[in-house]
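Student: Have a look at this prediction, sequence included:
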Amino acid sequence: MGRNRKRRYANRLEELCEANGILLTSKRKVICRVIAESDSHPDASMLYIKAKRIDPSIGIATVYRTLKLMKAKKVVDPHSFGQEHSHFESPAKMHHDHLICTRCGRIEEFHHKVLENIQIEVAKKHTFKMESHRLDLYGLCSDCIAAEGAGASKPRGSK
């Protein structure tokens with residue numbers, strides 16, 4: 001993702017915060033920037049590490065409190081991806097779905113227009129006003145498939 005696009009996402013995320021009554025302190029702006037500019041789906045610990053590089057005075061408690069507030073106001077999208085902790089991303093990003101590797105935890109984003117159209121069609125057929133949706137596909141990524149072929153261990157939960 002390009003630098004300008006990341007900055008636009010950060011600006012949109014800040015606007016979402018303000019529109020939802022979240023006071024944007026300098027520390028919260030840094031957290032917004034880290035979320036919006038991330039190429040991955042960071043958890044709270046990763047957000048803290050990246051935010052601390054930008055502003056060394058940010059504490060882990062500030063990150064957790066900010067994320068809790070942002071989740072409550074629906075300003076960030078939390079995802080568990082089958083794990084015990086949440087990963088976060090900005091709803092200001094273009095809509096996408098996820099491929100989640102059950103072995104290494106890799107998360108890939110994808111967008112498929114045909115799938116989007118099918119979901120809209122299903123909602124219409126059932127006279128359902130869709131407000132949002134999420135599609136997460138679980139399996140093995142190409143690297144883990146290759147490793148499996150080389151004799152690596154089987155995925156979690158398999159016999």
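Tutor: Now that the structure is in, tell me what you want to look at.
Student: low pLDDT regions in this protein?
Tutor: 1-2, 78-94, 151-159 (pLDDT under 70).
Student: Can you show me the helices along it?
Tutor: Listed in chain order, the helices of the chain (DSSP state H) span 3-19, 26-37, 44-54, 60-72, 113-125, 142-149.
Student: So for residue 101, which of those sits nearest?
Tutor: Nearest of the helices of the chain to residue 101, taken as CB to CB: helix 142-149 at 5.7 Å. Using the backbone N, CA and C atoms, a C-beta is placed for each residue, glycine as well.
Student: helices or strands up against the closest one?
Tutor: Packed against helix 142-149, as judged by 3 or more CB pairs under 8 Å, 6 or more residues apart in numbering; DSSP states H and E, are no other helices or strands.
Student: chain center to it, what's the gap?
Tutor: Offset of helix 142-149 from its chain centre (CA atoms, centre = their mean, to the nearest Å): 25 Å.
Student: Enumerate every residue touching residue 21.
Tutor: Applying CB atoms under 8 Å, 6 or more residues apart in numbering to residue 21 gives the contacts residue 73.
Student: Show me which residues of stretch 134-142 are buried.
Tutor: Buried residues in stretch 134-142, counted by 16 or more other CB atoms under 10 Å: 140, 141.
Student: so how far does that stretch reach from one end to the other?
Tutor: Stretch 134-142 stretches 22 Å from its first residue to its last (CA to CA, to the nearest Å).
Student: Might you calculate how far that stretch sits from the centre of the chain?
Tutor: That offset, for stretch 134-142, works out to 14 Å (CA atoms, centre = their mean).
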